[in-house]
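Trainee: Below: sequence and its predicted model.
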Amino acid sequence: MSWTIYAVDDGCPHGSGALAQRIALDHDSGSQVKVLFLEIQSSEDLDKLIGHLPDELAEAADDQLGNPEVMSVAALRSWIRERKAAS
């Protein structure tokens, strides 16, 4: 079984993104943990994403969710930026 965790640093002052990276490296799972930094900075940003899915994920089977071959981190980051700009 393969898996990937996407942690999102929402810009909080507690350094959650750096903490997620440290935990991943400490547990030798750095290649399976991707941290997205400051893409979602507020509840308004989150509201722009809720209820929407990228086409790649909407069409994916449940067992394919999280697979970087279905949607890469860069593509997810780009989709987030596009949704934020479109709203």
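Mentor: Structure received.
Trainee: by contact count, what packs against the lengthiest helix in the chain?
Mentor: Criterion DSSP state H: the longest helix present in the chain is helix 73-86. Contacts defined by 3 or more C-beta pairs under 8 Å, 6 or more residues apart in numbering; DSSP states H and E place helix 73-86 against strand 33-37, helix 43-49. C-beta coordinates here come from the backbone N, C-alpha and C atoms, glycine included.
Trainee: can you tell which of the ones you listed is closest to residue 69?
Mentor: Taking C-beta to C-beta, strand 33-37 is the member of the helices and strands packed on helix 73-86 nearest to residue 69, at 13.5 Å.
Trainee: Go ahead and measure how far the closest one is from the middle of the chain.
Mentor: Distance, stretch centre to chain centre, for strand 33-37: 6 Å (C-alpha atoms, centre = their mean, to the nearest Å).
Trainee: Only the buried residues of it, if you could.
Mentor: Buried residues in strand 33-37, defined by neighbour count with 16 or more other C-beta atoms under 10 Å: 33-37.
Trainee: Return that strand as PDB; C-alpha atoms alone will do.
Mentor: In PDB, the C-alpha atoms belonging to strand 33-37 read as follows (Å, rounded to 0.1, in the frame of the first residue of the first chain):
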ATOM      1  CA  VAL A  33       4.600  13.700   3.600                       C
ATOM      2  CA  LYS A  34       4.200  16.900   1.600                       C
ATOM      3  CA  VAL A  35       3.800  20.200   3.300                       C
ATOM      4  CA  LEU A  36       1.900  23.000   1.500                       C
ATOM      5  CA  PHE A  37       3.000  26.400   2.900                       C
END
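Trainee: Tell me which of the helices and strands packed on helix 73-86 lies nearest to residue 64.
Mentor: Nearest to residue 64 among these is strand 33-37 (16.0 Å), distances taken as C-beta to C-beta.
Trainee: Done for today, thanks.
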